[in-house]
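Student: What would the 3D arrangement of this be:
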Amino acid sequence: MKRIFQSLGLLIVLWSCGSDDPPPAPGGTNLVFPDQNSECTTGISVNETLSQVTFQWQTSSNTDSYTLSVVNLETNIPQTISTAATSASLSIVKGAPYSWSVTSLSTRSDQVATSETWLFYNAGSQTTYAPFPAQLIGPVSGSTVQRNIDNEVTLVWQGADVENDISGFEVFFATTNPPTTSLGTTASNTMELNVSVESGTIYYWKVITTDAEGNNSDSGIFEFKTF
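Tutor: Below is the predicted model of the structure:
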């Protein structure tokens with residue numbers, strides 16, 4: 001009889017431990033369409049300025065719904081839509097560059113998972129496209145960073161272009177906003193630059209991307225502070 005009670009007690013303990021397990025968090029989805037760094041030509045024309053584009057992604061694990069976020073990179077105005085499906089349609093500006101991503105959510109968990117962010121141009125009447133605005137990666141805007149042994153910080157960005165004809169990146173860096181001091185232009189395959197900094201100072205920077213036809217785009221301004 002004693003062994004029976006011990007076994008029952010063990011089962012109760014095991015059941016209690018299992019009940020404390022957190023619900024599974026949603027997994028991140030994989031984006032499908034529009035393709036990364038592409039020109040989207042399949043939209044349905046709504047009027048002279050807008051076309052309706054259907055965004056598609058894959059099913060992710062432990063997910064009940066998705067939030068699609070699409071950002072016009074010229075205006076930085078986002079559009080969002082929530083759905084339980086793996087596709088959603090939005091009317092967006094023709095001939096404009098966009099970024100898009102999808103967030104996975106679950107009613108059983110407070111955690112969320114966000115996909116990669118892809119870039120594309122919504123097709124318009126133009127026959128050539130400016131490069132996508134450079135995506136500034138580091139230092140993260142608003143962060144405080146440590147200088148290296150040479151009193152330098154590395155600026156890192158990512159560039160992309162539908163026609164793959166970027167000719168270079170001009171980096172502007174200063175302690176004033178907006179930064180007007182050009183540090184020169186790097187080659188199309190160079191997307192980082194070491195800059196000299198002083199401690200306890202706020203710096204502002206941006207990158208202008210230019211392609212072989214003279215089209216250019218502005219990354220917008222990031223700021224960071226040094227220790």
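Student: And the helices in the protein?
Tutor: With helices called from DSSP state H, the chain shows them at 2-19.
Student: okay, now Thr114: neighbour count?
Tutor: Neighbour count of Thr114, defined by other Cβ atoms under 10 Å: 14. From N, CA and C alone the C-beta is placed, and that goes for glycine too.
Student: for Gln58, same thing?
Tutor: Neighbours of Gln58 using other Cβ under 10 Å come to 12.
Student: any idea how far Ser38 is from it?
Tutor: 18 Å (Cβ to Cβ, to the nearest Å).
Student: same thing with Ala212?
Tutor: From Ala212 to Ser38 the distance is 19 Å (Cβ to Cβ).
Student: ok, now Ser61?
Tutor: From Ser61 to Ser38 the distance is 27 Å (Cβ to Cβ).
Student: Point out where this structure drops to low pLDDT.
Tutor: 1-20 (pLDDT under 70).
Student: Now do the contacts for the spatially most central residue of it.
Tutor: For the chain, Thr117 is the residue whose C-alpha lies nearest the centre (Cα atoms, centre = their mean; 4.0 Å). Thr117 makes contact with Ser99, Trp100, Ser101, Gln135 under the criterion Cβ atoms under 8 Å, 6 or more residues apart in numbering.
Student: and the first one, what does it touch?
Tutor: Spelled out, it's Ser99. With the criterion set at Cβ under 8 Å, 6+ apart, Ser99 makes contact with Val70, Val71, Leu73, Thr117, Trp118, Leu119.
Student: can you tell me which of those lies nearest to Ala84?
Tutor: Ranked by distance to Ala84 (Cβ to Cβ), the contacts of Ser99 are led by Val70 at 18.2 Å.
Student: Counting neighbours, what do you get for the closest one?
Tutor: Residues near Val70, counting by other Cβ under 10 Å: 22.
Student: So it sits against Leu90, correct?
Tutor: Yes. Between Val70 and Leu90 there is a contact under Cβ atoms under 8 Å: 5.7 Å.
Student: joint contacts of these two?
Tutor: Going by Cβ under 8 Å, 6+ apart, residues that sit against Val70 and also against Leu90 are Phe55, Gln79.
Student: Let me know the distance separating the residue lying closest to Glu116 once chain neighbours are set aside from Gln126.
Tutor: Spatial nearest neighbour of Glu116, chain neighbours left out: Leu31 (6.3 Å); criterion: Cβ to Cβ, 6 or more residues apart in numbering. Distance of Leu31 to Gln126, given as Cβ to Cβ: 25 Å.
Student: Quick check on these two: which one has the bigger neighbour count.
Tutor: Remark: of Leu31 and Gln126, Leu31 carries more neighbours, 19 against 12, as counted by other Cβ under 10 Å.
Student: So that one versus Asn62, what's the distance?
Tutor: 18 Å.
Student: and if you look at Trp205?
Tutor: Distance from Trp205 to Asn62, by Cβ to Cβ: 39 Å.
Student: quick one, which of those two is more surrounded?
Tutor: Set Trp205 next to Asn62 and count neighbours by other Cβ under 10 Å: Trp205 wins out with 25 against 16.
Student: how about that one, what does it touch?
Tutor: Counted by Cβ under 8 Å, 6+ apart, Trp205 has contacts Leu136, Leu155, Val171, Phe172, Phe173, Ala174, Pro179, Val195, Ile221, Phe222, Glu223.
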